[in-house]
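Engineer: Got a predicted structure plus its sequence, pasted below:
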Amino acid sequence: MQNLIIKNATIVTPCGDSARKGVAMSELTIINAGCVIANDGVITYVGDAESMPEVNVADYEVIDAEGRCLLPGFVDSHTHLVFGGYRPDEFEWRLKGDTYMSIMERGGGIQSSVNATRAASAEELEEKAQWHIDRMVEMGVTTVEAKSGYGLDTATERKQLEVIKSLADKEDQKLRIVSTFLGAHATPKEYKGRTAEYVDLIINEMLPAFKDLTTNCDIFCEKNVFEIEDSRRLLNAAKEMGYKIKLHADEIVTLGGAELSAELGALSADHLLHVSDQGVKDMAEKGVVATLLPLTAFTLKEPFAPARKFIDSNAAVALATDLNPGSCYSGSIPLTIALACIYMKMSIEEVITALTLNGAAALGIADEVGSIEIGKKADFVMLRSDNYKTLPYYVGMNCVKMTIHDGKVVNVND
Ligand code: NIG
Ligand code: FE
(Lines give C-alpha, C1' and ligand atoms only; values in the text may rest on other atoms or scores of the structure.)
(Ligands and ions follow the chains in the order given, each with its own letter.)
Protein backbone atom coordinates (compact mmCIF):
# COMPACT_ATOMS: atom_id res chain seq x y z
CA MET A 1 0.00 0.00 0.00
CA GLN A 2 1.24 3.45 -0.74
CA ASN A 3 0.34 7.09 -0.37
CA LEU A 4 -1.13 9.00 -3.26
CA ILE A 5 -2.08 12.55 -4.16
CA ILE A 6 -4.14 13.32 -7.25
CA LYS A 7 -4.30 17.03 -7.94
CA ASN A 8 -6.02 19.23 -10.47
CA ALA A 9 -8.86 16.77 -11.07
CA THR A 10 -12.50 17.37 -11.90
CA ILE A 11 -13.92 15.14 -9.18
CA VAL A 12 -17.33 13.65 -10.03
CA THR A 13 -18.96 11.36 -7.49
CA PRO A 14 -22.20 10.27 -5.86
CA CYS A 15 -22.01 10.43 -2.06
CA GLY A 16 -23.17 8.13 0.70
CA ASP A 17 -22.74 4.76 2.36
CA SER A 18 -25.80 3.13 0.84
CA ALA A 19 -27.66 2.96 -2.47
CA ARG A 20 -29.05 6.23 -3.86
CA LYS A 21 -32.68 5.93 -4.93
CA GLY A 22 -34.93 7.71 -7.39
CA VAL A 23 -34.07 11.38 -7.99
CA ALA A 24 -31.09 11.11 -5.65
CA MET A 25 -29.41 8.94 -8.29
CA SER A 26 -28.86 12.03 -10.44
CA GLU A 27 -27.27 14.12 -7.68
CA LEU A 28 -23.51 14.07 -8.14
CA THR A 29 -20.96 16.13 -6.24
CA ILE A 30 -18.58 17.94 -8.59
CA ILE A 31 -15.36 19.58 -7.43
CA ASN A 32 -13.38 21.53 -10.04
CA ALA A 33 -9.59 21.68 -9.66
CA GLY A 34 -10.03 19.11 -6.88
CA CYS A 35 -7.52 17.09 -5.01
CA VAL A 36 -7.63 13.72 -3.27
CA ILE A 37 -5.19 12.24 -0.83
CA ALA A 38 -5.00 8.53 -0.02
CA ASN A 39 -2.97 6.85 2.70
CA ASP A 40 -2.46 3.09 2.66
CA GLY A 41 -5.18 2.69 0.08
CA VAL A 42 -7.84 4.71 1.92
CA ILE A 43 -9.08 8.21 1.04
CA THR A 44 -8.08 10.75 3.71
CA TYR A 45 -8.85 14.05 1.93
CA VAL A 46 -11.21 15.20 -0.83
CA GLY A 47 -11.56 18.88 -1.68
CA ASP A 48 -9.90 21.89 -3.22
CA ALA A 49 -6.14 22.43 -3.30
CA GLU A 50 -6.23 25.43 -0.91
CA SER A 51 -7.78 23.50 1.97
CA MET A 52 -5.48 20.53 1.50
CA PRO A 53 -3.60 19.52 4.66
CA GLU A 54 0.19 19.91 4.74
CA VAL A 55 1.89 16.64 3.82
CA ASN A 56 5.44 15.60 3.12
CA VAL A 57 5.17 15.23 -0.65
CA ALA A 58 8.26 12.98 -0.67
CA ASP A 59 6.13 10.27 0.94
CA TYR A 60 3.56 10.39 -1.88
CA GLU A 61 3.13 9.46 -5.49
CA VAL A 62 1.72 12.67 -7.02
CA ILE A 63 -0.45 12.55 -10.14
CA ASP A 64 -1.48 15.70 -11.98
CA ALA A 65 -4.86 14.98 -13.57
CA GLU A 66 -4.55 18.12 -15.75
CA GLY A 67 -8.25 18.82 -15.28
CA ARG A 68 -9.45 15.35 -16.28
CA CYS A 69 -12.49 13.78 -14.59
CA LEU A 70 -11.89 11.56 -11.60
CA LEU A 71 -14.75 9.18 -10.78
CA PRO A 72 -15.06 6.35 -8.26
CA GLY A 73 -13.81 3.12 -9.86
CA PHE A 74 -16.58 1.25 -11.65
CA VAL A 75 -18.26 -1.64 -9.81
CA ASP A 76 -19.34 -4.49 -12.09
CA SER A 77 -21.71 -6.15 -9.65
CA HIS A 78 -22.92 -9.08 -11.76
CA THR A 79 -20.58 -11.35 -13.74
CA HIS A 80 -20.03 -15.04 -14.35
CA LEU A 81 -16.28 -14.52 -14.60
CA VAL A 82 -15.02 -18.09 -14.08
CA PHE A 83 -16.07 -20.59 -16.75
CA GLY A 84 -14.70 -23.32 -18.99
CA GLY A 85 -15.18 -23.34 -22.78
CA TYR A 86 -17.06 -20.96 -25.05
CA ARG A 87 -20.44 -21.12 -26.83
CA PRO A 88 -20.13 -19.24 -30.15
CA ASP A 89 -22.25 -21.93 -31.86
CA GLU A 90 -25.22 -20.96 -29.67
CA PHE A 91 -24.74 -17.31 -30.55
CA GLU A 92 -25.02 -18.22 -34.23
CA TRP A 93 -28.08 -20.45 -33.63
CA ARG A 94 -29.77 -17.49 -31.95
CA LEU A 95 -28.91 -15.27 -34.92
CA LYS A 96 -30.82 -17.79 -37.02
CA GLY A 97 -33.89 -17.67 -34.76
CA ASP A 98 -33.26 -20.13 -31.93
CA THR A 99 -34.10 -18.90 -28.41
CA TYR A 100 -31.96 -18.92 -25.27
CA MET A 101 -34.43 -21.17 -23.42
CA SER A 102 -34.93 -23.66 -26.26
CA ILE A 103 -31.14 -24.17 -26.47
CA MET A 104 -31.04 -24.68 -22.70
CA GLU A 105 -33.93 -27.15 -22.80
CA ARG A 106 -32.05 -29.20 -25.43
CA GLY A 107 -29.15 -29.64 -22.97
CA GLY A 108 -27.00 -26.80 -24.30
CA GLY A 109 -26.79 -23.42 -22.64
CA ILE A 110 -25.60 -23.43 -19.05
CA GLN A 111 -25.14 -27.25 -19.08
CA SER A 112 -22.67 -26.90 -21.94
CA SER A 113 -20.53 -24.53 -19.86
CA VAL A 114 -20.94 -26.88 -16.90
CA ASN A 115 -19.45 -29.75 -18.91
CA ALA A 116 -16.48 -27.59 -19.93
CA THR A 117 -15.97 -26.19 -16.42
CA ARG A 118 -16.01 -29.65 -14.86
CA ALA A 119 -13.36 -30.73 -17.38
CA ALA A 120 -11.10 -27.68 -16.88
CA SER A 121 -8.29 -27.47 -14.34
CA ALA A 122 -8.32 -24.73 -11.71
CA GLU A 123 -5.21 -23.25 -13.37
CA GLU A 124 -6.94 -23.01 -16.75
CA LEU A 125 -9.99 -21.36 -15.21
CA GLU A 126 -7.86 -18.89 -13.30
CA GLU A 127 -5.74 -17.91 -16.28
CA LYS A 128 -8.79 -17.27 -18.44
CA ALA A 129 -10.55 -15.25 -15.72
CA GLN A 130 -7.41 -13.14 -15.20
CA TRP A 131 -7.43 -12.29 -18.91
CA HIS A 132 -10.98 -10.96 -18.53
CA ILE A 133 -10.00 -9.07 -15.36
CA ASP A 134 -7.19 -7.32 -17.24
CA ARG A 135 -9.71 -6.15 -19.88
CA MET A 136 -12.09 -4.92 -17.14
CA VAL A 137 -9.35 -2.88 -15.50
CA GLU A 138 -8.63 -1.16 -18.82
CA MET A 139 -12.28 -0.02 -18.78
CA GLY A 140 -12.05 1.38 -15.24
CA VAL A 141 -13.50 -1.49 -13.18
CA THR A 142 -12.05 -1.62 -9.66
CA THR A 143 -14.55 -4.04 -8.08
CA VAL A 144 -16.07 -7.05 -9.78
CA GLU A 145 -18.49 -9.69 -8.57
CA ALA A 146 -17.77 -13.25 -9.73
CA LYS A 147 -20.34 -16.02 -9.49
CA SER A 148 -19.90 -19.79 -9.41
CA GLY A 149 -22.70 -21.75 -11.09
CA TYR A 150 -20.93 -23.73 -13.82
CA GLY A 151 -20.17 -26.66 -11.51
CA LEU A 152 -23.58 -27.75 -10.24
CA ASP A 153 -21.91 -30.41 -8.12
CA THR A 154 -20.17 -29.84 -4.83
CA ALA A 155 -16.64 -30.48 -6.11
CA THR A 156 -16.85 -28.20 -9.14
CA GLU A 157 -18.73 -25.42 -7.37
CA ARG A 158 -15.92 -25.55 -4.79
CA LYS A 159 -13.32 -25.46 -7.57
CA GLN A 160 -14.91 -22.31 -9.03
CA LEU A 161 -15.18 -20.60 -5.63
CA GLU A 162 -11.56 -21.49 -4.86
CA VAL A 163 -10.45 -20.05 -8.19
CA ILE A 164 -12.32 -16.84 -7.36
CA LYS A 165 -10.67 -16.71 -3.93
CA SER A 166 -7.24 -17.36 -5.39
CA LEU A 167 -7.75 -14.54 -7.91
CA ALA A 168 -9.00 -12.21 -5.16
CA ASP A 169 -6.05 -12.99 -2.87
CA LYS A 170 -3.34 -12.56 -5.54
CA GLU A 171 -0.68 -10.20 -4.25
CA ASP A 172 -0.70 -7.99 -7.36
CA GLN A 173 -4.42 -8.32 -8.21
CA LYS A 174 -5.61 -5.19 -9.99
CA LEU A 175 -9.13 -5.04 -8.60
CA ARG A 176 -11.36 -6.16 -5.74
CA ILE A 177 -13.30 -9.40 -6.28
CA VAL A 178 -16.51 -10.29 -4.45
CA SER A 179 -17.67 -13.88 -4.86
CA THR A 180 -21.21 -15.25 -5.04
CA PHE A 181 -22.33 -18.89 -4.86
CA LEU A 182 -24.73 -19.72 -7.70
CA GLY A 183 -25.18 -23.48 -7.33
CA ALA A 184 -28.83 -22.87 -8.26
CA HIS A 185 -27.98 -21.77 -11.80
CA ALA A 186 -29.64 -24.78 -13.46
CA THR A 187 -30.61 -28.33 -12.59
CA PRO A 188 -27.64 -30.47 -13.74
CA LYS A 189 -28.25 -33.30 -16.19
CA GLU A 190 -27.78 -35.98 -13.51
CA TYR A 191 -30.78 -34.47 -11.63
CA LYS A 192 -32.97 -33.95 -14.72
CA GLY A 193 -36.64 -33.92 -13.68
CA ARG A 194 -35.62 -33.87 -9.99
CA THR A 195 -35.12 -30.17 -9.33
CA ALA A 196 -36.43 -30.32 -5.76
CA GLU A 197 -33.86 -33.01 -4.95
CA TYR A 198 -31.10 -30.86 -6.41
CA VAL A 199 -32.29 -27.97 -4.22
CA ASP A 200 -32.03 -30.34 -1.24
CA LEU A 201 -28.42 -31.10 -2.21
CA ILE A 202 -27.61 -27.39 -2.33
CA ILE A 203 -29.26 -26.76 1.04
CA ASN A 204 -27.87 -29.79 2.83
CA GLU A 205 -24.40 -30.07 1.32
CA MET A 206 -23.25 -27.07 -0.67
CA LEU A 207 -24.43 -24.11 1.42
CA PRO A 208 -22.89 -25.47 4.65
CA ALA A 209 -19.67 -26.39 2.79
CA PHE A 210 -19.04 -22.96 1.26
CA LYS A 211 -19.49 -20.73 4.29
CA ASP A 212 -15.73 -20.16 4.43
CA LEU A 213 -15.49 -19.31 0.71
CA THR A 214 -18.23 -16.75 0.09
CA THR A 215 -20.87 -14.62 1.75
CA ASN A 216 -23.43 -14.28 -1.07
CA CYS A 217 -25.92 -16.73 -2.56
CA ASP A 218 -27.73 -16.24 -5.89
CA ILE A 219 -30.35 -18.24 -7.84
CA PHE A 220 -31.67 -18.27 -11.42
CA CYS A 221 -35.34 -17.84 -10.47
CA GLU A 222 -37.13 -18.49 -13.75
CA LYS A 223 -39.96 -20.53 -15.24
CA ASN A 224 -38.70 -24.09 -15.90
CA VAL A 225 -35.43 -23.37 -14.07
CA PHE A 226 -36.03 -22.68 -10.36
CA GLU A 227 -39.62 -21.59 -9.83
CA ILE A 228 -40.84 -19.42 -6.96
CA GLU A 229 -41.36 -22.17 -4.36
CA ASP A 230 -37.92 -23.76 -4.86
CA SER A 231 -36.34 -20.30 -4.90
CA ARG A 232 -38.04 -19.28 -1.67
CA ARG A 233 -36.98 -22.52 0.03
CA LEU A 234 -33.36 -22.25 -1.07
CA LEU A 235 -32.96 -18.55 -0.33
CA ASN A 236 -34.55 -18.88 3.11
CA ALA A 237 -32.10 -21.67 3.93
CA ALA A 238 -29.20 -19.53 2.67
CA LYS A 239 -30.38 -16.60 4.78
CA GLU A 240 -30.62 -18.77 7.86
CA MET A 241 -27.01 -19.81 7.33
CA GLY A 242 -25.98 -16.15 7.17
CA TYR A 243 -25.64 -15.65 3.42
CA LYS A 244 -26.71 -12.41 1.78
CA ILE A 245 -29.02 -13.21 -1.09
CA LYS A 246 -29.42 -12.17 -4.72
CA LEU A 247 -31.70 -13.35 -7.54
CA HIS A 248 -31.68 -13.57 -11.32
CA ALA A 249 -35.32 -12.50 -11.55
CA ASP A 250 -37.99 -12.08 -14.23
CA GLU A 251 -35.42 -12.33 -17.03
CA ILE A 252 -37.33 -14.41 -19.58
CA VAL A 253 -40.93 -14.30 -18.30
CA THR A 254 -42.84 -12.49 -15.54
CA LEU A 255 -42.66 -14.96 -12.65
CA GLY A 256 -42.61 -12.90 -9.45
CA GLY A 257 -38.89 -13.02 -8.70
CA ALA A 258 -38.88 -9.27 -8.00
CA GLU A 259 -41.69 -9.64 -5.44
CA LEU A 260 -39.79 -12.55 -3.86
CA SER A 261 -36.60 -10.47 -3.60
CA ALA A 262 -38.54 -7.86 -1.63
CA GLU A 263 -40.26 -10.46 0.55
CA LEU A 264 -36.90 -11.98 1.50
CA GLY A 265 -34.91 -8.73 1.80
CA ALA A 266 -32.39 -9.54 -0.94
CA LEU A 267 -29.42 -7.29 -1.66
CA SER A 268 -30.47 -7.16 -5.29
CA ALA A 269 -32.68 -8.67 -7.96
CA ASP A 270 -31.03 -8.72 -11.37
CA HIS A 271 -32.11 -8.67 -15.06
CA LEU A 272 -35.82 -7.79 -14.50
CA LEU A 273 -36.64 -7.44 -18.21
CA HIS A 274 -40.16 -8.69 -17.54
CA VAL A 275 -40.73 -7.33 -14.02
CA SER A 276 -44.34 -6.62 -13.01
CA ASP A 277 -45.49 -3.23 -11.73
CA GLN A 278 -46.03 -4.82 -8.33
CA GLY A 279 -42.45 -6.12 -8.39
CA VAL A 280 -41.10 -2.63 -9.08
CA LYS A 281 -43.17 -1.22 -6.24
CA ASP A 282 -42.15 -3.93 -3.77
CA MET A 283 -38.45 -3.57 -4.57
CA ALA A 284 -38.62 0.21 -4.21
CA GLU A 285 -40.39 -0.09 -0.85
CA LYS A 286 -37.98 -2.67 0.55
CA GLY A 287 -34.82 -1.04 -0.85
CA VAL A 288 -33.77 -4.01 -3.00
CA VAL A 289 -31.30 -2.80 -5.64
CA ALA A 290 -32.51 -3.40 -9.22
CA THR A 291 -29.40 -4.53 -11.09
CA LEU A 292 -30.01 -4.02 -14.79
CA LEU A 293 -27.90 -5.73 -17.44
CA PRO A 294 -28.43 -4.03 -20.81
CA LEU A 295 -25.75 -6.04 -22.62
CA THR A 296 -27.74 -9.24 -22.04
CA ALA A 297 -31.00 -7.76 -23.34
CA PHE A 298 -29.09 -6.45 -26.36
CA THR A 299 -27.39 -9.79 -27.03
CA LEU A 300 -30.62 -11.80 -26.66
CA LYS A 301 -32.59 -9.21 -28.66
CA GLU A 302 -34.98 -8.82 -25.72
CA PRO A 303 -36.63 -5.56 -24.58
CA PHE A 304 -34.47 -3.55 -22.18
CA ALA A 305 -35.39 -3.54 -18.49
CA PRO A 306 -37.65 -0.63 -17.43
CA ALA A 307 -35.00 1.53 -15.76
CA ARG A 308 -37.21 4.64 -15.76
CA LYS A 309 -40.04 2.81 -14.06
CA PHE A 310 -37.67 1.78 -11.26
CA ILE A 311 -36.09 5.21 -10.83
CA ASP A 312 -39.41 7.04 -11.09
CA SER A 313 -40.79 4.69 -8.41
CA ASN A 314 -37.94 5.72 -6.09
CA ALA A 315 -35.99 2.47 -6.45
CA ALA A 316 -32.20 2.17 -6.62
CA VAL A 317 -30.82 0.99 -9.96
CA ALA A 318 -27.37 -0.53 -10.52
CA LEU A 319 -25.88 -1.40 -13.90
CA ALA A 320 -23.59 -4.36 -14.55
CA THR A 321 -22.30 -6.34 -17.53
CA ASP A 322 -23.37 -9.97 -16.79
CA LEU A 323 -20.21 -11.18 -18.57
CA ASN A 324 -20.77 -14.91 -19.21
CA PRO A 325 -20.08 -17.41 -22.02
CA GLY A 326 -23.75 -17.77 -23.06
CA SER A 327 -26.37 -15.04 -22.86
CA CYS A 328 -23.82 -12.21 -22.89
CA TYR A 329 -20.20 -12.73 -23.83
CA SER A 330 -19.25 -9.13 -23.19
CA GLY A 331 -17.85 -7.19 -20.26
CA SER A 332 -18.03 -3.88 -22.07
CA ILE A 333 -18.54 -0.99 -19.67
CA PRO A 334 -18.60 1.55 -22.55
CA LEU A 335 -21.41 -0.28 -24.33
CA THR A 336 -23.33 -0.74 -21.06
CA ILE A 337 -23.18 3.03 -20.55
CA ALA A 338 -24.30 3.80 -24.10
CA LEU A 339 -27.23 1.35 -24.04
CA ALA A 340 -28.40 2.59 -20.64
CA CYS A 341 -28.44 6.21 -21.82
CA ILE A 342 -29.76 5.67 -25.34
CA TYR A 343 -32.32 2.88 -24.88
CA MET A 344 -33.11 2.78 -21.16
CA LYS A 345 -33.41 6.56 -20.96
CA MET A 346 -31.16 6.89 -17.93
CA SER A 347 -29.39 10.22 -17.53
CA ILE A 348 -25.58 10.27 -17.58
CA GLU A 349 -25.57 11.14 -13.87
CA GLU A 350 -27.89 8.22 -13.03
CA VAL A 351 -25.63 5.89 -15.00
CA ILE A 352 -22.56 7.01 -13.04
CA THR A 353 -24.35 6.35 -9.73
CA ALA A 354 -25.60 2.99 -11.03
CA LEU A 355 -22.09 1.88 -11.99
CA THR A 356 -20.42 3.00 -8.77
CA LEU A 357 -22.25 3.48 -5.45
CA ASN A 358 -25.36 1.47 -6.35
CA GLY A 359 -23.24 -1.40 -7.73
CA ALA A 360 -21.38 -1.41 -4.42
CA ALA A 361 -24.72 -1.49 -2.57
CA ALA A 362 -25.81 -4.48 -4.67
CA LEU A 363 -22.80 -6.27 -3.19
CA GLY A 364 -23.35 -5.00 0.36
CA ILE A 365 -20.11 -2.96 0.36
CA ALA A 366 -21.34 0.60 -0.20
CA ASP A 367 -19.71 1.64 3.07
CA GLU A 368 -16.31 0.68 1.63
CA VAL A 369 -16.32 1.57 -2.09
CA GLY A 370 -18.43 3.33 -4.71
CA SER A 371 -17.77 7.00 -3.98
CA ILE A 372 -14.89 9.44 -3.53
CA GLU A 373 -15.25 10.25 0.16
CA ILE A 374 -13.02 10.16 3.21
CA GLY A 375 -12.78 6.63 4.64
CA LYS A 376 -13.59 4.85 1.39
CA LYS A 377 -11.06 2.76 -0.55
CA ALA A 378 -8.91 4.75 -2.96
CA ASP A 379 -10.42 3.21 -6.11
CA PHE A 380 -10.65 5.71 -8.98
CA VAL A 381 -11.14 5.92 -12.69
CA MET A 382 -9.64 8.90 -14.50
CA LEU A 383 -11.24 9.75 -17.83
CA ARG A 384 -9.36 11.15 -20.82
CA SER A 385 -11.64 14.19 -20.75
CA ASP A 386 -12.53 16.95 -18.28
CA ASN A 387 -16.19 16.35 -19.21
CA TYR A 388 -17.90 13.24 -17.81
CA LYS A 389 -20.59 13.57 -20.46
CA THR A 390 -18.19 12.03 -22.98
CA LEU A 391 -18.99 8.65 -21.34
CA PRO A 392 -22.03 7.80 -23.51
CA TYR A 393 -21.13 10.25 -26.31
CA TYR A 394 -18.01 8.29 -27.32
CA VAL A 395 -20.38 5.42 -28.11
CA GLY A 396 -19.11 2.00 -27.13
CA MET A 397 -15.55 3.33 -26.91
CA ASN A 398 -13.24 3.48 -23.94
CA CYS A 399 -13.02 6.94 -22.30
CA VAL A 400 -10.71 5.74 -19.53
CA LYS A 401 -7.18 7.09 -19.16
CA MET A 402 -6.13 5.57 -15.83
CA THR A 403 -7.42 3.06 -13.29
CA ILE A 404 -6.38 3.26 -9.63
CA HIS A 405 -7.12 0.51 -7.14
CA ASP A 406 -6.33 0.68 -3.40
CA GLY A 407 -4.30 3.83 -4.05
CA LYS A 408 -2.13 2.21 -6.75
CA VAL A 409 -2.13 2.91 -10.48
CA VAL A 410 -3.09 -0.46 -12.00
CA ASN A 411 -3.54 0.57 -15.64
CA VAL A 412 -2.82 3.46 -17.97
CA ASN A 413 -4.26 3.49 -21.49
CA ASP A 414 -2.26 5.23 -24.23
O1 NIG B 1 -27.27 -14.02 -16.17
N2 NIG B 1 -29.70 -16.25 -16.83
C3 NIG B 1 -28.93 -16.99 -16.24
N4 NIG B 1 -27.62 -16.90 -16.14
C5 NIG B 1 -26.77 -16.12 -16.97
C6 NIG B 1 -26.49 -16.81 -18.26
C7 NIG B 1 -25.64 -17.96 -18.07
C8 NIG B 1 -25.30 -18.69 -19.33
O9 NIG B 1 -26.05 -18.64 -20.33
O10 NIG B 1 -24.26 -19.34 -19.30
C11 NIG B 1 -27.32 -14.74 -17.14
O12 NIG B 1 -27.79 -14.34 -18.22
FE1 FE C 1 -26.16 -13.58 -14.70
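Structural biologist: Sure thing, it's come through. Ligands and ions are numbered 1, 2, ... in the order given.
Engineer: Pretty sure residue 33 sits against residue 50.
Structural biologist: No - with contact defined as CB atoms under 8 Å, residue 33 does not reach residue 50; the gap is 9.4 Å. Where C-beta positions appear, they are placed from N, C-alpha and C, glycine not excepted.
Engineer: out of the two, which sits in the busier spot?
Structural biologist: residue 33 (14 against 7; other CB atoms under 10 Å).
Engineer: Around ligand 1, which positions in the stretch 1-150 of the chain sit nearby?
Structural biologist: For the stretch 1-150 of the chain, the residues in contact with ligand 1 (CB under 6 Å from any ligand atom) are 80, 109, 110, 113.
Engineer: Among those residues, which one has the most neighbours?
Structural biologist: In terms of neighbours by other CB under 10 Å, those top out with residue 110 at 28 neighbours.
Engineer: contacting residues for the residue lying closest to it once chain neighbours are set aside?
Structural biologist: Nearest non-adjacent residue to residue 110, counting by CB to CB, 6 or more residues apart in numbering: residue 186, 4.3 Å away. Taking CB atoms under 8 Å, 6 or more residues apart in numbering, we find residue 186 in contact with 104, 109, 110, 111, 114, 149, 152, 220, 225.
Engineer: Roughly how far does residue 186 sit from ligand 1?
Structural biologist: 8 Å (CB to the nearest ligand atom, to the nearest Å).
Engineer: quick one, phi/psi of residue 154?
Structural biologist: Note on residue 154: backbone dihedrals following degrees, to the nearest 10 are phi -60, psi -40.
Engineer: again but with residue 245, I slipped
Structural biologist: Note on residue 245: its backbone torsions stand at phi -120, psi 150 [degrees, to the nearest 10].
Engineer: Just to check, it is in contact with residue 232?
Structural biologist: No - in this structure residue 245 lies outside contact range of residue 232 using CB under 8 Å: 10.7 Å.
Engineer: More neighbours: which of the two?
Structural biologist: Remark: of residue 245 and residue 232, residue 245 carries more neighbours, 24 against 17, as counted by other CB under 10 Å.
Engineer: in the sheet, who's paired with that one?
Structural biologist: Beta-bridge partners for residue 245, by DSSP bridges, are residue 217.
Engineer: what about residue 127, how many neighbours?
Structural biologist: If we define neighbours as other CB under 10 Å, then residue 127 has 12 of them.
Engineer: gap between it and residue 208?
Structural biologist: 30 Å (CB to CB, to the nearest Å).
Engineer: Residue 35 now?
Structural biologist: On the measure of CB to CB, residue 35 and residue 208 end up 49 Å apart.
Engineer: same deal with residue 136?
Structural biologist: 32 Å.
Engineer: Which one of those two is surrounded by more residues?
Structural biologist: residue 136 (25 against 10).
Engineer: Doesn't the more buried one lie inside a helix?
Structural biologist: Yes - assignment of residue 136 by DSSP: H, G, I helix; E, B strand; the rest coil places it within a helix.
Engineer: ok, now which ones touch it?
Structural biologist: 76, 144, 175, 331, 333.
Engineer: secondary structure class for the residue in the stretch 201-350 of the chain that ligand 1 sits nearest to?
Structural biologist: Taking CB to the nearest ligand atom, ligand 1 has its nearest neighbour within the stretch 201-350 of the chain at residue 326, 2.4 Å off. Applying three-state DSSP to residue 326 yields a three-state assignment of coil.
Engineer: ok, it - contacts?
Structural biologist: By CB under 8 Å, 6+ apart, the contact set of residue 326 is 87, 90, 100, 109, 110, 112, 113.
Engineer: hmm, 6 Å instead?
Structural biologist: 87, 109 (CB atoms under 6 Å, 6 or more residues apart in numbering).
Engineer: Then residue 5?
Structural biologist: 37, 60, 62.
Engineer: what about 8 Å?
Structural biologist: 35, 36, 37, 38, 55, 57, 60, 61, 62, 63.
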